[in-house]
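S.K.: Turn this into a model:
(4 chains)
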Protein chains: 2
Amino acid sequence: MVRLSRLLPDGRRHVMGFAMVGDFLGLALPERYNVTVEALSPTALCRFERRPFANLVAGKPHLLRKLHERAGYELTLAQDHMTLLGRRTAEEKVASFLLTMRDRYALVGQGSVTVALPMGRQDIADHLGLTIETVSRLLTRLDREKALLIVPGGVRLTNLDRLENLAAA
Amino acid sequence: MVRLSRLLPDGRRHVMGFAMVGDFLGLALPERYNVTVEALSPTALCRFERRPFANLVAGKPHLLRKLHERAGYELTLAQDHMTLLGRRTAEEKVASFLLTMRDRYALVGQGSVTVALPMGRQDIADHLGLTIETVSRLLTRLDREKALLIVPGGVRLTNLDRLENLAAA
DNA sequence: CGTGCGTTTGAGCTAATTCAATAGGAGTGG
DNA sequence: CCACTCCTATTGAATTAGCTCAAACGCACG
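M.R.: Take a look at the predicted model:
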């Protein structure tokens, strides 16, 4: 898994998201990116040179169509995340994040009630617009309330109903 | 100008953005939208039926390419807004919003230091992840500090440096 | 058995919210 | 032209969710 992040001039950091196996980075294709990508776990990736890739796409309408579909999907995800950032409480953010991760693992055949979290607490905080302390506190609280179990390297979601209730969009 | 918004099940509202003359809605093209679009000022718009439009695009790679470019642009805007929502203070949000509006007017030849705000304070609040009171208070404060002047239907940005400083990304 | 780094926990603080009251127009009718 | 209503915006006071600062914990690694 890799982390996509940006650093604000004053040192604050925004983690735009996490990419996993199968994800395509660079859909937006702007002239110049301003994103830092860092591996959180051993990662194999496939790199396309900008120019040749643009040429390839130009000759393959099907491919372009797929890319556009994908970009549209990313856009709706981005919109959902905006709603999350702007209008939800810390607890809802954390619950929602965990469920999103679970769903994404499920999509690549890693479906399980145990969710690996290769990113650190600070990464989660910077992704959800919270502080590391708040993330840590909420995870311990959800653990105490038996909504989940904190395990090494991740969490086990022991009460999906409760979490889904919190995350309800 | 039109307002794009979504209602959360519990009544909270998220204003995803505002579209102005020249903007294209529906780039993401998902099967089903979940967005409410409402006019804030007299608006003329051009509607394409989904099916015929998809067919048209299928036959015009150039067009698809333009749409994809545009979607990529929207995606970067969405990412910027996420950073805004997650990692900036209320004052920074408001300053940034006003400057963004000014820039968008400029792009369509309406460049001026006076920025029309056809949306209400509540709309701005729901867009920035704030409350109406906070938006109102900050606008009055920026007015008192001579960074801007509140005028009927909008604001006049009297100290761009100050605002740009606040919005600095 | 230390050392270093990420996480957890505690205590106090503050930016923004909530709750509540007031003020400012725009539109309507007498 | 004034009185009244409605709706949005502003202002004030009190509250709080989440932050900041600081300390302790846990564990992997040498």
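S.K.: Surely residue A:141 is in a strand?
M.R.: No. Per DSSP: H, G, I helix; E, B strand; the rest coil, residue A:141 lies outside any strand segment and is helix.
S.K.: Quick one: residues contacting the nearest residue to it once chain neighbours are set aside.
M.R.: Counting by CB to CB, 6 or more residues apart in numbering or on different chains, residue A:141 lies nearest to residue A:91, which is 7.9 Å off, once chain neighbours are set aside. (Each C-beta comes from the backbone N, C-alpha and C, glycine too.) Going by CB atoms under 8 Å, 6 or more residues apart in numbering or on different chains, residue A:91 touches A:138, A:141, A:142, A:166.
S.K.: quick one: the nearest residue to residue A:96 once chain neighbours are set aside from residue A:127, how far?
M.R.: In space, not counting the residues next to it along the chain, residue A:96 is nearest to residue A:167; the distance is 3.8 Å by CB to CB, 6+ apart. According to CB to CB, to the nearest Å, residue A:167 and residue A:127 sit 15 Å apart.
S.K.: next one: residue A:107
M.R.: 19 Å.
S.K.: Between the two, which is the more surrounded one?
M.R.: residue A:127 (26 against 12; other CB atoms under 10 Å in any protein chain shown).
S.K.: Cross-check the contact I'm expecting between the more buried one and residue A:15.
M.R.: Yes. Look at residue A:127 against residue A:15 with CB atoms under 8 Å: they come within range, at 4.0 Å.
S.K.: Identify the contacts common to those two.
M.R.: Counting by CB under 8 Å, 6+ apart, the residues touching both residue A:127 and residue A:15 are residue A:119.
S.K.: hang on, the earlier thing: what's the residue nearest to residue A:96 sitting at in phi/psi?
M.R.: phi -80, psi -10 (degrees, to the nearest 10).
S.K.: Kindly report the same for residue A:166.
M.R.: According to degrees, to the nearest 10, residue A:166 has phi -70, psi -40.
S.K.: Give me the neighbour count for it.
M.R.: Neighbours around residue A:166, by other CB under 10 Å: 20.
S.K.: For it, which non-adjacent residue is closest in space?
M.R.: Residue A:166 sits nearest to residue A:95 (CB to CB, 6+ apart), 3.7 Å away.
S.K.: cool, residue A:164 as well?
M.R.: residue A:99 (6.5 Å).
S.K.: Tell me the pLDDT of that neighbour.
M.R.: If you check residue A:99, the pLDDT there is 98.
S.K.: hang on, it in a strand?
M.R.: No. According to three-state DSSP, residue A:99 belongs to no strand; its state is helix.
S.K.: in chain A, what spans have low per-residue confidence?
M.R.: A:29-31, A:169 (pLDDT under 70).
S.K.: hmm, what's the outermost residue in it?
M.R.: Here chain A reaches farthest from its C-alpha mean at residue A:59, the gap being 31.7 Å by CA atoms, centre = their mean.
S.K.: Many thanks, we can stop here.
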